[in-house]
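Enquirer: Fold the following for me, if possible:
(4 chains)
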Amino acid sequence: MSFPLLTATAALPAVGAIATAAVPAKQRTAAKWLALLFSLGTLVFAAVIAARFDPGGNQFQLTESHAWITDFGVRYELGVDGIGVALIALTALLMPFVILAGWHDADPQETGSSRWRPTQGFFALILAVEAMVIVSFEATDVFVFYIFFEAMLIPMYFLIGGFGDRAGPHGEKEAATQRSYAAVKFLLYNLVGGLIMLAAVIGLYVVAGNFSLQEIVAARANGSLHMATSTERLLFLGFFFAFAVKAPLWPLHTWLPNAMGEATAPVAVLITAVVDKVGTFAMLRFCLQLFPNASKWATPAILVLALISIVYGALLAVGQRDIKRLVAYASISHFGFIIMGIFAMTSQGQSGATLYMVNHGISTAALMLVAGFLISRRGSRLIADYGGVQKVAPVLAGTFLIGGLATLSLPGLAPFVSEFLVLVGTFTRYPVIGIIATIGIVLAALYTLVLYQRTMTGPVKPSTEGIADLRVRELAVVVPLIGVLIFLGVYPKPLTDMVNPAVQHTLSDVHKKDPKPEVEAAHK
Amino acid sequence: MNTENLIALLVAAPLLGAAVLLCGGRALDRVGHLLGTLLAAVSFVIAVVLFSDLVGKSPHDRTLTQHLFSWVPVEGFQADVSFQLDQLSMTFVLLITGVGTLIHMYSIGYMEHDERRRRFFGYLNLFLAAMLLLVLADNYLLLYVGWEGVGLASYLLIGFWQHKPSAATAAKKAFLVNRVGDMGLSIAIMIMFSTFGTFAFKPVFDSVGDTSQGKLTAIGLTLLLAACGKSAQVPLQSWLGDAMEGPTPVSALIHAATMVTAGVYLIVRSGVIFNGAPDAQLATAVVGAVTLMFGAIVGCAKDDIKKALAGSTMSQIGYMVLAAGLGPVGYVFAIMHLVTHGFFKAGLFLGAGSVMHGMNDEVDMRRYGALRKYMPITFATFTLAYLAIIGFPGLSGFFSKDKIIEAAFAKGGTEGWILGITAVVGAAVTAFYMTRIMLMTFFGEKRWVPDEQGNEPHPHEAPSSMTIPMLVLAVGSVFAGGIFSLGDRFLKWLEPVTGHTEGHSPISTGAITGATVACMLIGMGVAWVMYGRRDVPALAPRGSLLTRAARRDLLQDDFNHVVLVRGGEHLTRSLVYVDHTLVDGVVNGTAASVGGLSGRLRKLQNGYVRSYAVSMFGGAAVIIAATLLMRAV
Amino acid sequence: MNPVNYLYLAALLFTIGAIGVLIRRNAIIVFMCIELMLNACNLTFVAFSRMHGNLDGQIIAFFTMVVAAAEVVVGLAIIVSLFRTRHSASVDDASLMKL
Amino acid sequence: MTLAAYSTSTGEAFQFWVLGTVAVLGALGTILMRRAVHSALCLAGTMIVLAVFYLANGAYFLGIVQIIVYTGAIMMLFLFVVMLVGVTAADSLKETIKGQRWLAALCGVGFGVLLLAGIANASLKQFDGLSDANAQGNVQGLAALIFTKYVFAFEITGALLITAAVGAMVLTHRERTERPRTQRELSEQRVREGKHVPPLPAPGVYARHNAVDVAGLLPDGTPSELTVNKTLRARGQIRDVSSKALNDLKALEQRSAERLDRPEEASK
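Expert: Down below sits the predicted model:
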């Protein structure tokens, strides 16, 4: 039996979480370094996964399978396809930066509270989230996936509710109220989604008799498992609802601005760049593969919702007064693109959507973390409290601009590739939706540049004076992220090579072929 | 060594400069401007090498390609980073690197006292790199990268003086309006992909004949939208005037060598598609004609020298777009006018910059006057460029503009007459506003006043780093047109790429030329009557309705403000409200009603034992009843 | 007379006792009503014992009595201590879990 | 089994109808009497009637136990506690919980109807009588069952009884947590607090009455409640001897003296 690489990758941060939590109360710095070390270790493991993965090989590789709850046919089954590898890599890549960016976020004097060992708790919770997210990306057993999909909520709840910016606009007490509101809202939304999904998971078991993704797909393919149309649709909706809450899709999105607004910047990155990706990833893996016919049936409605998300999220971002909420609404718009790409059911759309997940994770992380650095200097999230920052802190402003440009999908930076693929992929099948979605391009420029203009340019406001430029630790967070953005914008081939075969598998499971171009190209 | 491999270096040199200058620390402050200029010059030298190589080949073999790497390989979708250098690209490359290098040189002097000069040169290099990428790309997606890169660089440069809110707003506006155009380009690429399965130039152009005219018209119109954004054509022209907030060399770069010419390049490059879509062509010509009048009228009313020149640019680009809209008859002349315009407009802007440099950055022409005595070189070069732009016989502008007017008449039918007469009238208006600028700036009494700090301006000639580029450009303004026209050299050079058909205008060429020159003289005369003979009032008179409207860019900004900005604000505000009350409200309402229900139910739990006993007793009764009923059934 | 009448009587007494529990506030009277209900049950058991001709019913009634006795002892002790703390024997006054 | 077994003797029927009525009245009295003492007495009556019914049903042992244990011991315990607790506001029959009485009546009547209907529907055809079971004597029969079949239940009830006894003791017993204060300490506290340094005043003395419940009069003629035992105070049983009341009394005496023609007393 070979080394269980996937289990080890997920277990490493879990062990790290326990180890970090066990660090004595006084040794806060040790806890931080320990957490960073474990996240780096996970990154190494993720790199090994990416290296060992053979894009031309089977759909699922590095598989592990053990009996778990034999009475219900639950097996501990792990395996990764190209999409999974890409997202595991994203998660493992972002974590060290999240930890580094949140280096001082949970220091007792920062939070102003005397809770028991907040620093250890903060980093342990982050590592716990990482472990669960990685298992979610690896699980090929619906039940195992479901458990970790839901369990993720617990550490996230504490991260949102327990750690916030130093002081909100109305003082610490009001901030605490807002935080707990946001945390409870996050929890309730996702629990409701999870509950409905649980019903669907049980329903799937009743219909299929086991939870294994591969077995069910194979059984459907060779005809030994037949699902009634209405059953399939109901199950699909159950799964999709949970993922749409997580993703989040309009109109189930309202928890995200609250959660991202109240949480600290690193936690906000954790939410939108990593945890929410589980939702879109699961649409691609479970919704489409388990219920191909129902997916096709629901596609028009979902595309319309995604389109609404794109335009609506962007318009709301324009109207925000709070930096973090603005980024949150921008993310809603971007998630609309991802979902649109998935359900366009073309190679370009789904490859684009997968790339989009990765790129959006990195670009939002860059933008949000820099915004977090800015906020930590002034303690205000309101756009109106800043102005002329580029004069006093040019590097901060510059990195913020690059993050913003990535958010508006400037060619040359990674998100452009994915956004364009999604648009093209959608257009070939649904031209009208594709054209309307391009409005998102203009609106993205609008909210990004308005944000940049109001905070960074203009005369230096008295409240902005004396803001320090980025420190070494902060540069160490931002510069690599920007480097990755540029690299993937110029040379995304390594990623696309990994993703393409997985997308082809998915598409063949859904029995969809790309629409042929009208004119068979004369090239080559 | 294979010359193909040099193509990438063309882009790489300024890109490297941008990277080094922007990432390098303050250590580079002292040499940054030299490095930037050097790399621009390197790019120019490479361009010259490639040009000589191309000239040495047979006319139909003058296309070099270089494939660097596969960019976005996805099933059925192939985007490569590869370059194509043909005569059209070569023309642009020479213009961009040549004029670009001159503007770099000029900026050394102009930006001498700016503490962020290093960064300025970084942005300039980025601008060149993006523009070169745009014209060298061999597929539309890579072109799109350059296209947006130009937008980014212009954003950074227009907003270079970020501490000025007006500059920041202008930069944002430029980017946003350009983005609307970009939307058109991306839709065009999407249509191409779904129609042809590719968006590389060659296969697309090769298979144009296999598709319907409707598809081609759609592509053409979306490309036109893109061109309107980048080339500041009506209705997306509003950003150009505001873009004058940037330092003057930036204006020169944007207006002469880069940015605004990109739209013309796109249309000419996509000529094959437009040829198959007459409706799109007509739309293009109409947009060009409207813009040429629009820009000219706006240029007449502005007192800000740079904004007046901006109106002129709009108008001249209008000529080019008009020419490009005429199809193979006009493509070559569009490009020819573009190149000559590159020379004289750069000269004009650099001259204007020189004037401002000497006048404490004053831009109001009503505060100038009599500057010819103080700035002889600037006056001389400005005058040559001025004569070139109004199409004074013998100078560059005469040759290129005349051809466009001829081609417009050659379109034939009512359209041809309308377009042709518009172009002729445009020439008259051009002569008027340019003469106005000349008279107000260099002639008459001196009207300058101390600025807000009380500093009396001391007009003086600019340093040689600024005057040399102006002199070079002046030479170009004078001779370029003649050289190009001599033996139809330019036509023969470009014909293999764009194709050319000789137009047959309903009236003779001589008559057109005569009418044009006459109109030009009338325009000059009117300007002389209004501004030369009389003193120029230091405060602008109220003026006619048209003047006032023209001062406000023919109310287009006001329209944008009311409809788009205000409307948008209301829309977003109401959406924020809806999101908070309706979408969130439904959820919160559900929570509240559950909470309310629990509140009601809680009242049943009043703590009184006897209450509980009643429920228990009632429950027992119900169970007995149920049991009895079950037995009864 | 049919011995079933004993059962009817027991049912009637039980119901009266139950209503008493529900409407009276004095803990002692409530308690007495409970005793009444227990006695009604005992009557039923005895009547059934006679009907079935064996003594098991009587045994159960006997045990009921024993349990009732124990219950009374504890219950009255609770009432007394309740009265001590609250100066009232009303069951309504004991509506809170704490004083 | 014969049809005759379905009915009892006429004597028993007569006894049932008479005593049954008494039992129901007693039960109603239990729940309707205002005072706990009266309720307890009514309940005792019902229980005695039930004891008679046990005897009539052949449960001789239970009948006697009912009288001795229930009527004799348990009901006395009840009365004892009633005395201990005294008269409280809980004795009021006014309902305080809204809708409680209606619900109680509804549930009670519904329950009763269902119960009666259930019995009426039951097929109670069997009627064996206890003559066989009681052949060896009722007590012997019970004993045989208790010590064989039900021995474990019997043992457990023993444990229950002991537990109950202990429980009652624990519940009612109050541990003294501190030493009782001596008279000296009490007097010192009184001096420290500065009120009622001397002993409390004696109740007023009015020759014609038992004077313990009459408040002593202060110099201005108002009664001082301090002079009366606090238990009487709590029960509101202080006799009013304010000057107005005394005048009323005087007037009353005068009127009675006039009617009785004893002018010497009236004029006094």
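Enquirer: Over to the nearest residue to A:Val490 once chain neighbours are set aside. Which of the three states is it?
Expert: Closest residue to A:Val490 apart from its sequence neighbours, by C-beta to C-beta, 6 or more residues apart in numbering or on different chains: A:Gly412 at 6.8 Å. Every C-beta, even on glycine, is put in place using the N, C-alpha and C of the backbone. Going by DSSP: H, G, I helix; E, B strand; the rest coil, the secondary structure assigned to A:Gly412 is coil.
Enquirer: Next: A:Glu64.
Expert: A:Glu64 ends up strand, using three-state DSSP.
Enquirer: Could you find the closest non-adjacent residue to it?
Expert: Spatial nearest neighbour of A:Glu64, chain neighbours left out: A:Leu78 (4.6 Å); criterion: C-beta to C-beta, 6+ apart.
Enquirer: before we move on, what about B:Gly330?
Expert: In space, B:Gly330 is closest to B:Ala323, 3.6 Å off (C-beta to C-beta, 6+ apart).
Enquirer: ditto for A:Ala437
Expert: Closest residue to A:Ala437 apart from its sequence neighbours, by C-beta to C-beta, 6+ apart: A:Ile310 at 5.5 Å.
Enquirer: and whichever strand or helix holds that neighbour, what does it pack onto?
Expert: Here A:Ile310 sits within helix A:292-318, counting by DSSP states H and E. Packed against helix A:292-318 by the contact rule (3 or more C-beta pairs under 8 Å, 6 or more residues apart in numbering or on different chains; DSSP states H and E) you find helix A:229-246, helix A:323-344, helix A:431-437, helix A:439-456, helix A:493-510, helix B:567-578.
Enquirer: from those, which stretch is densest packed?
Expert: Across the helices and strands packed on helix A:292-318, the average number of neighbours (mean count of other C-beta atoms under 10 Å in any protein chain shown) peaks for helix A:323-344, which reaches a mean of 28.
Enquirer: quick check: angle from the helix holding A:Ile310 to helix A:439-456?
Expert: Angle, helix A:292-318 to helix A:439-456, by axes from the mean of the first three to the mean of the last three C-alpha atoms, to 10 degrees: 30 degrees.
Enquirer: got the buried residues for helix A:292-318?
Expert: A:292, A:294-295, A:298-299, A:302-303, A:305-307, A:309-318 (16 or more other C-beta atoms under 10 Å in any protein chain shown).
Enquirer: what angle separates it from helix A:493-510?
Expert: 130 degrees.
Enquirer: that older thread, I figured the residue nearest to A:Ala437 hits A:Gly336, correct?
Expert: Yes: at 3.7 Å, A:Ile310 and A:Gly336 qualify as touching, with contact defined as C-beta atoms under 8 Å.
Enquirer: and B:Asp80, helix, strand or coil?
Expert: The three-state label given to B:Asp80 by three-state DSSP is strand.
Enquirer: Count the residues that sit near it.
Expert: For B:Asp80, the neighbour count with other C-beta atoms under 10 Å in any protein chain shown is 18.
Enquirer: quick one: B:Gly36 and chain A, what's the gap?
Expert: 18 Å (C-beta to the nearest C-beta, to the nearest Å).
Enquirer: Not counting residues beside it along the chain, what's closest to that residue?
Expert: B:Phe121 (3.2 Å).
Enquirer: so which helix or strand takes in that neighbour?
Expert: In this assignment (DSSP H and E), B:Phe121 forms part of helix B:117-136.
Enquirer: helices and strands around that helix, which ones?
Expert: Under the contact criterion of 3+ C-beta pairs under 8 Å, 6+ apart, helix B:117-136 touches helix B:6-23, helix B:32-55, strand B:77-85, helix B:87-110, helix B:140-158, helix B:260-269.
Enquirer: Next, the angle from the fourth one to helix B:117-136.
Expert: Angle, helix B:87-110 to helix B:117-136, by the same axes, to 10 degrees: 170 degrees.
Enquirer: just the third one next, same as before
Expert: If you take the same axes, to 10 degrees, strand B:77-85 sits at 100 degrees to helix B:117-136.
Enquirer: Where does pLDDT dip in the stretch 151-268 of chain D?
Expert: Within the stretch 151-268 of chain D, the ranges that satisfy pLDDT under 70 run D:199, D:201-211, D:221, D:231-232, D:234-237, D:239-244, D:262-268.
Enquirer: near chain C, which residues of chain B?
Expert: Applying C-beta under 8 Å from any C-beta of the partner chain, one finds that chain B approaches chain C through B:606-610, B:613-614, B:617.
Enquirer: Out of those, the closest to chain C would be?
Expert: Minimum distance to chain C across the residues of chain B next to chain C is 3.5 Å, recorded for B:Gly607 (C-beta to the nearest C-beta).
Enquirer: Next, the closest one: secondary structure please.
Expert: coil.
Enquirer: Let me see the contact set for the nearest residue to it once chain neighbours are set aside.
Expert: Leaving aside its sequence neighbours, B:Gly607 sits nearest to C:Ser95 (C-beta to C-beta, 6+ apart; 3.5 Å). Neighbour list for C:Ser95: B:606-609 [criterion: C-beta atoms under 8 Å, 6 or more residues apart in numbering or on different chains].
Enquirer: can you rerun that using 10 Å?
Expert: Contact partners of C:Ser95, counting by C-beta atoms under 10 Å, 6 or more residues apart in numbering or on different chains, are B:606-611, D:97.
Enquirer: what's the spacing between it and C:Ile29?
Expert: Using C-beta to C-beta, to the nearest Å, C:Ser95 is found at 18 Å from C:Ile29.
Enquirer: What is the least confident helix or strand in the chain?
Expert: Picked chain A for this. Lowest by mean pLDDT, DSSP states H and E among the helices and strands of chain A is helix A:108-111, with a mean of 56.
Enquirer: for chain C, what are the low-confidence residue spans?
Expert: The model of chain C has pLDDT under 70 over residues C:96-99.
Enquirer: do you know which of the helices and strands packed on helix B:117-136 lies nearest A:Met345?
Expert: The closest of the helices and strands packed on helix B:117-136 to A:Met345 is strand B:77-85. By C-beta to C-beta, the value is 14.7 Å.
Enquirer: tell me the angle the closest one makes with helix B:140-158.
Expert: 70 degrees.
Enquirer: need the contact list for residue 9.
Expert: If you meant another chain, say so; for now it's chain A. By C-beta under 10 Å, 6+ apart, the contact set of A:Thr9 is A:41-46, A:48-49, A:62, A:78, A:80, A:88, A:91-92, A:130-131, A:134-135, A:137-138.
Enquirer: Sorry, I should have been clearer: chain D.
Expert: Per C-beta under 10 Å, 6+ apart, neighbours of D:Ser9: C:1, D:15, D:56.
Enquirer: Please repeat the previous calculation with a cut-off of 7 Å.
Expert: Shown in contact with D:Ser9 (C-beta atoms under 7 Å, 6 or more residues apart in numbering or on different chains): no residues.
Enquirer: pLDDT at it, what is it?
Expert: pLDDT, D:Ser9: 81.
Enquirer: Distance of it relative to chain B?
Expert: 33 Å.
Enquirer: With A:Arg429 instead?
Expert: A:Arg429 is 9 Å from chain B, where distance means C-beta to the nearest C-beta.
Enquirer: repeat for A:Gly352
Expert: Separation of A:Gly352 from chain B (C-beta to the nearest C-beta): 8 Å.
Enquirer: so that residue sits in a helix?
Expert: Yes: under three-state DSSP, A:Gly352 falls within a helix.
Enquirer: and the closest residue in space to it that isn't next to it in sequence, which of the three is it?
Expert: Counting by C-beta to C-beta, 6+ apart, A:Gly352 lies nearest to A:Leu421, which is 2.8 Å off, once chain neighbours are set aside. Secondary structure for A:Leu421, judged by three-state DSSP, is helix.
Enquirer: Check A:Gly387 too.
Expert: coil.
Enquirer: ok, it to A:Ser376 distance?
Expert: Using C-beta to C-beta, A:Gly387 is found at 18 Å from A:Ser376.
Enquirer: next one: A:His511
Expert: A:His511 is 51 Å from A:Ser376, by C-beta to C-beta.
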